[in-house]
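**Q** this one's sequence-less:
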């Protein structure tokens with residue numbers, strides 16, 4: 001099951017654009033900044049042809065269409081997609097699921113008594129260092145300190161290269177990748 005969070009620290013306006021930056025669409029003309037007056041839900045917005053393919057999941061203009069559910073509601077929605085006999089693999093994606101404000105909420109969802117997770121994948125741009133002792137939580141999670149069995153975690157990282165339009169110094173954070181790799185019994189890969 002995929003849980004997409006609303007919010008990201010990047011815009012990635014370069015994706016799908018010409019290599020010559022002088023030919024790029026200006027930020028105010030990017031698909032996520034256009035008006036779609038008949039759209040009532042994020043799911044009904046078009047997939048952008050330039051820029052981030054999930055830009056409607058973080059574009060400030062569309063925040064009013066995002067669901068702002070409490071943890072119990074989110075867990076109930078996750079469980080509604082899972083056959084009770086299957087192990088649960090939760091993929092946390094975005095936007096950016098490891099933004100500072102999300103890390104504590106992620107631990108509340110992951111440890112919820114109604115959710116028996118076996119596997120978690122964080123789809124991340126690999127720029128967010130640990131906040132509020134989230135690394136200690138992850139150590140305990142992968143060791144089985146909070147659950148019957150250790151939970152397997154995969155870090156599916158997607159650092160944004162120069163074609164994304166993001167500044168190299170903000171987008172390429174080897175120290176953050178190193179932090180993720182230090183959580184035992186996890187897998188990290190770059191895509």
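**A** The structure has been received and is ready for your questions. Given the structure is predicted, the values throughout are model-derived calculations rather than measurements. Residues are numbered from 1 along each chain as shown.
**Q** hey, where'd the strands end up in the protein?
**A** Using DSSP state E, the strands of the chain run over 2-4, 88-93, 117-124, 152-157, 186-190.
**Q** which secondary structure elements does the helix or strand of the chain with the lowest mean pLDDT contact?
**A** Using mean pLDDT, DSSP states H and E, the weakest-scoring helix or strand in the chain turns out to be helix 102-110, at a mean of 90. Packed against helix 102-110 by the contact rule (3 or more C-beta pairs under 8 Å, 6 or more residues apart in numbering; DSSP states H and E) you find helix 71-80, helix 134-143. Quick note: C-beta positions are derived from backbone N, CA and C, even for glycine.
**Q** out of those helices, nearest to residue 182?
**A** helix 134-143 (7.7 Å; C-beta to C-beta).
**Q** picking that back up, would you mind giving the strands of the chain as JSON lines with mean neighbour count, mean pLDDT and distance to residue 33 added?
**A** Listed next are the strands of the chain as JSON lines, based on neighbours: other C-beta atoms under 10 Å; pLDDT from 0 to 100; distance: least, C-beta to C-beta, whole Å:
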{"stretch": "strand 2-4", "mean neighbour count": "15", "mean pLDDT": "92", "distance to residue 33": "20"}
{"stretch": "strand 88-93", "mean neighbour count": "18", "mean pLDDT": "92", "distance to residue 33": "22"}
{"stretch": "strand 117-124", "mean neighbour count": "20", "mean pLDDT": "94", "distance to residue 33": "24"}
{"stretch": "strand 152-157", "mean neighbour count": "19", "mean pLDDT": "97", "distance to residue 33": "27"}
{"stretch": "strand 186-190", "mean neighbour count": "14", "mean pLDDT": "97", "distance to residue 33": "29"}
